[in-house]
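Q: I need the structure of the sequence given here:
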Amino acid sequence: FFVVWYPMASAELRRAFQAARTEFKELSIQELKDYEQLFVKYDTGGDGKLDLQELKYMMEKLGHPQTHLGLKAMIKEVDEDLDNMISYMEFLLIFRYAKNGTLRSEGLKAIAGSVNVDEVGVGGAKNFFETKAKAIADNPAERDRAYHEQRKEEAKQKAANKAAFKQRAAMFQ
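A: Take a look at the predicted model:
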């Protein structure tokens, strides 16, 4: 078991993450968390925006390198505030447009396809929730409910493991 470390987001970016949960209701909490991680991973400047260089780096790491003009076109497609950078909310537009089929840029389609939200859960709970997720189809409210159930199940498992450890440790005292 290993933990992947991502840099901490600024307070301003944390507020944007919270605001996204109300604005992007078609995305589940787990999807938003995955997109948040992806955004923070490639926002190497920590300014809450992906500039041209950071986008170039992201595309190279995702295996879809782009030309300078291609990168500019990608930014232009989602850049609502015309600052030639992609903010977190604009980043989420990539996934909204991908879901409704209006995404034009092949590079942005590559980003949208890079996040595999199906890889959630741990241990035995993973299979349970994957089966449940397939039954739910594409209802964000149901996916959020399933996500919260998964978190509760993981917390119960963690508490049971901790109690079992304490019980075994008590035998050695």
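Q: gap between the spatially most central residue of the chain and residue 73?
A: Nearest to the geometric centre of the chain sits residue 34, at 1.4 Å (CA atoms, centre = their mean). Distance from residue 34 to residue 73, counting by CB to CB, to the nearest Å: 25 Å. The C-beta positions use only the backbone N, C-alpha and C, and glycine is treated the same way.
Q: any idea how far residue 82 is from residue 91?
A: 16 Å.
Q: Compare those two (neighbour count), which wins?
A: residue 91 (23 against 8; other CB atoms under 10 Å).
Q: For the more buried one, list the residues it contacts.
A: 35, 39, 50, 78 (CB atoms under 8 Å, 6 or more residues apart in numbering).
Q: quick one: buried residues of whichever strand or helix holds it?
A: Under the criterion of DSSP states H and E, residue 91 resides in helix 88-100. Neighbour-count burial for helix 88-100, with 16 or more other CB atoms under 10 Å as criterion, is recorded at 88-98.
Q: Next: stretch 159-173.
A: Quick answer for stretch 159-173: no buried residues (16+ other CB under 10 Å).
Q: and of the buried residues of helix 88-100, the nearest to residue 30?
A: residue 95 (12.6 Å; CB to CB).
Q: my guess is that closest one meets residue 27, correct?
A: Yes - using CB atoms under 8 Å, residue 95 is in contact with residue 27, at 6.5 Å.
Q: Check the contact lists of the two and give me the overlap.
A: residue 35.
Q: follow-up on the earlier one: helix or strand right after the helix holding residue 91?
A: Trace forward from helix 88-100 with DSSP H and E and the next one is helix 106-112.
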